[in-house]
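Peer 1: Pasting the sequence and the predicted coordinates here, then a few questions.
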Amino acid sequence: MNLNTPEFSTFTHQGLRLAYFDEGDPSGEPILLIHGFASTANVNWVHPGWLKTLSDAGYRVIAIDNRGHGASDKPRDSEAYRPWVMAGDAMALLDHLGLKDAHLMGYSMGARISTFAALGHPDRVRSLVLGGLGIGMTDGVGDWDPIADALLAPSLDDVSHARGRMFRAFADQTKSDREALAACIRGSRDLVARADMGRIEAPTLIGVGTKDDIAGSPQELAALMPNARALDIPNRDHMLAVGDRVFKAAVLDFYREIGAG
């Protein structure tokens, strides 16, 4: 499996330089991938095999490094990370590439960003794949202030909060800007009203690991939407579900069923 890092390009939006890659079949249906908190386009989509999976299936595969992450600029103001602001980055990337619309696939925070994009720009979102976030989209996913505290702690040894330790270790592993991530986690947690979920008409697949203690039920979220289905990703937690082969197979089936590609 070729998991080599693809070539990244940059564009500018709201004064920020944002990185992305554009791979796969240039004439294929475009899928825009939006990664999760403390991750990057490489960590979320290349290393787990998504770029290869989707490219081999004939799609044009585009992925952004969200602001505050990867090779993109990293503001320190939490207001810069509201989910509709980051959804604007994703739409600006489509503009930059001359694309009027695309399929959106997001994981965790990326699922939230994708949902805000679908609400704010329904004519530009052909379909949604929401990974790692179920009814937590509307009901919340617990107290994340300890994660911000963990990111700003002098070292991992100073963090006792279990989820804080998980994300601090992940941020250290990805060599992230922890101050920018702390601002991001404080600014990006806006919930979506249940009634607003019901306004999303795009075909949607919601995939959550059965051992994920963060996301909440995918079935409950799907039940709020007129054209959504839920997927249980067996025996996977929040960190491991993203690259699971069951998830990949279900996404390819979903795209075939809705006539993508």
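Peer 2: Good, I have the coordinates.
Peer 1: tell me the centre residue of the chain?
Peer 2: residue 110 (2.1 Å; Cα atoms, centre = their mean).
Peer 1: Show the contacting residues for that one.
Peer 2: By Cβ atoms under 8 Å, 6 or more residues apart in numbering, the contact set of residue 110 is 33-36, 44, 66, 131. Heads up, the C-betas are built off the backbone N, CA and C, glycines and all.
Peer 1: In those residues, find the pair that's most separated.
Peer 2: 66 and 131 (15.0 Å; Cβ to Cβ).
Peer 1: Which of these two has more residues huddled nearby?
Peer 2: Per other Cβ atoms under 10 Å, whichever of residue 66 and residue 131 has more neighbours is residue 131, with 31 against 28.
Peer 1: count of residues packed around the residue nearest to the more buried one when sequence neighbours are not counted?
Peer 2: Computed as Cβ to Cβ, 6 or more residues apart in numbering, the closest residue to residue 131 that is not its neighbour in sequence is residue 107, at 4.2 Å. Burial measure for residue 107: 30 neighbouring residues, criterion other Cβ under 10 Å.
Peer 1: quick one: residue 107 from residue 34, how far?
Peer 2: 8 Å (Cβ to Cβ, to the nearest Å).
Peer 1: And for residue 121?
Peer 2: Distance from residue 121 to residue 34, by Cβ to Cβ: 13 Å.
Peer 1: And the helices in the stretch 51-200 of the chain?
Peer 2: Assigned by DSSP state H, counting those that start in this stretch, the stretch 51-200 of the chain shows helices spanning 83-96, 109-120, 136-139, 145-152, 162-173, 178-187, 194-197.
Peer 1: Mind putting those into a markdown table with mean pLDDT?
Peer 2: A markdown table is the format used below for the helices of the stretch 51-200 of the chain (pLDDT from 0 to 100):
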| stretch | mean pLDDT |
| --- | --- |
| helix 83-96 | 98 |
| helix 109-120 | 98 |
| helix 136-139 | 98 |
| helix 145-152 | 93 |
| helix 162-173 | 91 |
| helix 178-187 | 95 |
| helix 194-197 | 98 |
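Peer 1: Nearest to residue 248, out of the ones you listed?
Peer 2: Of all the helices of the stretch 51-200 of the chain, helix 109-120 sits nearest to residue 248, with 16.2 Å by Cβ to Cβ.
Peer 1: So for the closest one, what gets flagged as buried?
Peer 2: For helix 109-120, the neighbour count (16 or more other Cβ atoms under 10 Å) marks 109-119 as buried.
Peer 1: how much distance is there from it to the middle of the chain?
Peer 2: Distance of helix 109-120 from the chain centroid (Cα atoms, centre = their mean, to the nearest Å) equals 9 Å.
Peer 1: can you state the direction angle for that helix and helix 178-187?
Peer 2: Helix 109-120 and helix 178-187 are oriented at 50 degrees to each other (axes from the mean of the first three to the mean of the last three Cα atoms, to 10 degrees).
Peer 1: Now rank the contacts of residue 110 by neighbours and give me the top one.
Peer 2: residue 131 (31 neighbours).
Peer 1: pretty sure it contacts residue 105?
Peer 2: Yes: applying Cβ atoms under 8 Å as the test, residue 131 and residue 105 come out as touching, 7.3 Å apart.
Peer 1: where in the chain is pLDDT low?
Peer 2: Within the chain, the stretches with pLDDT under 70 are 1-3, 261.
Peer 1: Show me where it has its strands.
Peer 2: Under the criterion DSSP state E, the chain carries strands at the ranges 9-13, 16-24, 30-34, 60-64, 102-107, 125-131, 204-209, 228-233.
Peer 1: Of all those, which one comes closest to residue 149?
Peer 2: Of all the strands of the chain, strand 102-107 comes closest under Cβ to Cβ, at 23.8 Å.
Peer 1: Tell me which other helices or strands that closest one touches.
Peer 2: strand 30-34, helix 109-120, strand 125-131 (3 or more Cβ pairs under 8 Å, 6 or more residues apart in numbering; DSSP states H and E).
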